[in-house]
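Asker: Sequence and predicted structure are below.
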Amino acid sequence: MRVLPTLFISLITAGLGFLAVMHQLHGNLNFIMGSPPLKPGETVYQFDPAEVGRIDILNSDETRAEIVKAGGIWLIKEPWDDYADARTVRSLIDFAARLQIEDVIKRDEVEDLAEFGLRKDRIEVELFDKEGNPLCHFKMGRYTSWRGFDPNFKSEDPTQAPPSFPTLIIQPEEEDQESYLYVCSDFADPKLRTVKMRDLFTGELRLFRDHQVFYNSPAFAGEITFSEKNSEITIKREALSKTDEWRITKPYELASSPATVTKILGGLAALQANAVLDESALALPDPLPDNIDYTISVRYILPDGSLSNPVKATFYPPENDQVSTVPVIVSEGPEKKRSAVLLVPKGPGTILDSIPRSVNLIRSRTMTSLQVRQVESIKISDFTGREVDLILEMNPHERARRWYARVSQEDFPSSRGPKYDGPANIFQINELFQALFKNEVKGFTNDAATDPAEYGLDRPIRKISINLKDGEPANFVVGEKLQPQYFARRANNGRPLEISEEAYEAGIQGEKNSELQIVARPGNNLTSRATGLELLGLDTPKVVKFNDITLHLGKVSARHFFANRLDEKGNHTPHVVEIGAEKIGQMPLEAFQWRGERLWNINRFEINGLSIKKKGQPALNLSYNFYASEWSATRSNKNVTALLNTNKAEKLLKKLTDVEVKKWIGPVVEDAASRLVEPDLRIAVLVEEIDDNGKPVGTVQRELKISKIIEGQVNRLLFGKTDTDPSYFLIDIETVQRLSAGLLEE
């Protein structure tokens, strides 16, 4: 009778022992008792997205896809043998790695999986690591009415709501979780994806096929070539560092425009097709020069510094004028061509239309094609012997380098103003740098010039030598030449327009011309009578008929200015550019124009008093004791000290000792002289002079006069002059307003 209880206890003991061993081996008893569901807030899968090496997809339309990573590149093996879209692939991987659970549904409580989109509408996804081991396997069902907000999203605009997408039903296919359905959030990086997850699977998985023309980013390129039937343009750089600048190497050796190259790189990186077709879907002729429009070839910089084989995009002409796309074939060599035809959008406003593809658009459009950071010193001179040396030197007061000017000129009778050696006017430096390094030239006249005299470069009006921090000096000359200009207008008070020589000759000969067609339009008439026609040769015009409309044609000789960079031996180079006349004024040689911007050297402790006279008001006379900080004020022989706002007076005194001029305009300026006879503001400063030993030697008066340039209008700049300097200057309105602030509390 005791056998049965003993046997029963033995079985229980063995069973418990077995469970204990299984728990030790597996960490749980889920394989026997079933896995518990994951909890809301947890993620369904835990894996490193960087470890994914293969993706298998079974779409709701029965399309299957196999996507693999090879050599750092995603390839789609099925249903095509092509490049995969890296952004779409990355979006799917990130989605699978961040399946955050919002709610749990037991599988045995679901009568029909079709209600959850897990039958005909389901999408099945499997991810494997680089060794082929499974990482996750799930089915994706329908959306729910809930929306998920990414808690990790950080917007640059705090007022902008974070992106959100509807949650989805997810059914894991792993054995330990197949008993549950999960409602999961869809967190998406807006830089990768702006559409709902299931939208990526529409159209037989076409979004998983790469639509970009260049799979690798052209930001890593070292050479880009644009080829057409009769031209080839190549830009190149030596390395990927920021100091390695792009240069044009074909058809000429030229500096490039950094802004334009950035636009090219951005355009090529964003260039993509509306649709990707199989080769067999569109019959294209062989890519011979007569059959194609142009090609764009990109070579990438490899880790060892060499260049890769060219990735060439061949652009065919559109089938007809009505289509909005052009066919493009991409190849990486004669035997490696992408088995697809990309239909790339064309026309105004498209990315393809925005990519510059001509030399004059890509080349640097500044006069020197240099950067300010490259410059150590500059010398400007002319044929009369005038010379300005600009040098970066340490300023002991500012403990920083600043520009100094040394201006010399030979003893010609026409010379005006003294020599100057001191701090350079920072505003004049800025004007010069704008002319040399920032502003665009007027145009590119010739890239094969052989006669410098044709552009006045044989007798230059400016010689410019720029010493660079790294490399040989860059030398330039500027020439002046009278050249014809042509203008046209409707006879009945039309608007004058500049035209080309070809248009002018066509008008004389009575021939058709598109420019004259524009001139003849009725909309080009003026509402008031034209003035200044003598400057355009239209005061005594050639009268012609164009489409039964009477036109006036004018011809004048105008001054044109040209610049040319010299080679290492001082010889002219074949590249000549035209610059605007205003640039000559930005390269002055007069000493007064380079004087420092500080108006005078007066210290606050030297000032004993002020007299401030505004036009139409009595003078306000102030006495000041720096050491006692005491003020007194009189106006019209009355003591008004009680009305004086000493805080405002102190601010005026501080500004007065630190006045800066915007531009010195020289000792002979008739307009300034006449306007300053009765100035808008006159300030007399009583200054106690100190000798070299620090002892007072007497009091002198220094006077500042300021007046508007144009009466009755808002003036951004005003005329100014002191009684101790022969040169007039321009001063900004903000400074004048501070100097003329009311000091009395009325």
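Answerer: Sure thing, it's come through.
Asker: can you give me the helices in the stretch 51-200 of the chain?
Answerer: 86-97 (DSSP state H, counting those that start in this stretch).
Asker: mind showing which ranges of it have poor pLDDT?
Answerer: Residue ranges of the stretch 51-200 of the chain with pLDDT under 70: 158-159.
Asker: Mind jotting down where the strands sit in it?
Answerer: In the stretch 51-200 of the chain, the strands defined using DSSP state E, counting those that start in this stretch lie at 52-58, 64-70, 73-78, 82-83, 101-106, 123-129, 134-149, 164-172, 180-184.
Asker: so what strands line up beside the last one?
Answerer: What it means is strand 180-184. According to DSSP bridges, strand 180-184 forms sheet pairs with strand 101-106 (antiparallel), strand 164-172 (antiparallel).
Asker: C-terminal to it, which secondary structure element comes first?
Answerer: helix 202-205 (DSSP states H and E).
Asker: roughly how far is that following helix from the heart of the chain?
Answerer: Distance, stretch centre to chain centre, for helix 202-205: 37 Å (C-alpha atoms, centre = their mean, to the nearest Å).
Asker: Need the strands paired with strand 180-184 in JSON lines (columns: mean neighbour count and distance to residue 429).
Answerer: The way it works is simple: take the backbone N, C-alpha and C, and place the C-beta from them, glycine included. Output for these, formatted as JSON lines (neighbours: other C-beta atoms under 10 Å; distance: least, C-beta to C-beta, whole Å):
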{"stretch": "strand 101-106", "mean neighbour count": "15", "distance to residue 429": "63"}
{"stretch": "strand 164-172", "mean neighbour count": "21", "distance to residue 429": "53"}
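Asker: how is the chain carved up into domains?
Answerer: 3-33, 49-208, 218-362, 598-739 (automatic domain parsing).
Asker: So which of these is nearest residue 530?
Answerer: domain 598-739 (24.0 Å; C-beta to C-beta).
Asker: average model confidence for that closest one?
Answerer: The predicted model assigns domain 598-739 a mean pLDDT of 89.
Asker: mind checking the end-to-end distance for that domain?
Answerer: 15 Å (C-alpha to C-alpha, to the nearest Å).
Asker: same thing with stretch 699-717?
Answerer: OK, stretch 699-717 end separation, C-alpha to C-alpha: 32 Å.
Asker: tell me how far that stretch is from the chain's mean position?
Answerer: 39 Å.
Asker: And for stretch 355-370?
Answerer: Worked out by C-alpha atoms, centre = their mean, stretch 355-370 lies 15 Å from the chain centre.
Asker: That stretch: end-to-end distance?
Answerer: OK, stretch 355-370 end separation, C-alpha to C-alpha: 24 Å.
Asker: what comes up buried for it?
Answerer: 355-357, 359, 362-370 (16 or more other C-beta atoms under 10 Å).
Asker: re earlier: and the strands of the stretch 51-200 of the chain as TSV, adding distance to residue 549?
Answerer: Shown next, in TSV, are the strands of the stretch 51-200 of the chain (distance: least, C-beta to C-beta, whole Å):
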stretch	distance to residue 549
strand 52-58	68
strand 64-70	66
strand 73-78	63
strand 82-83	58
strand 101-106	75
strand 123-129	68
strand 134-149	65
strand 164-172	63
strand 180-184	73
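Asker: right, so of these, which gets closest to residue 285?
Answerer: Of all the strands of the stretch 51-200 of the chain, strand 82-83 comes closest under C-beta to C-beta, at 22.0 Å.
Asker: ok, the closest one: who's next to it in the sheet?
Answerer: According to DSSP bridges, strand 82-83 has the following sheet partners: strand 73-78 (antiparallel).
Asker: Let me see the ranges of the helices in the stretch 501-650 of the chain.
Answerer: Using DSSP H, counting those that start in this stretch, helices in the stretch 501-650 of the chain cover 501-509, 514-519, 582-585, 646-656.
Asker: Format those as TSV; extra columns: distance to residue 118 and mean neighbour count.
Answerer: Formatted as TSV, those follow (distance: least, C-beta to C-beta, whole Å; neighbours: other C-beta atoms under 10 Å):
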stretch	distance to residue 118	mean neighbour count
helix 501-509	72	16
helix 514-519	66	16
helix 582-585	72	15
helix 646-656	77	15
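Asker: Next, the contact list for residue 388, please.
Answerer: Listed by C-beta atoms under 8 Å, 6 or more residues apart in numbering, the contact set of residue 388 reads 379, 380, 381, 405, 406, 407, 588, 589, 594.
Asker: ok so, going back, nearest to residue 540 among the strands of the stretch 51-200 of the chain would be which one?
Answerer: Across the strands of the stretch 51-200 of the chain, closest to residue 540 is strand 82-83 (C-beta to C-beta), at 68.1 Å.
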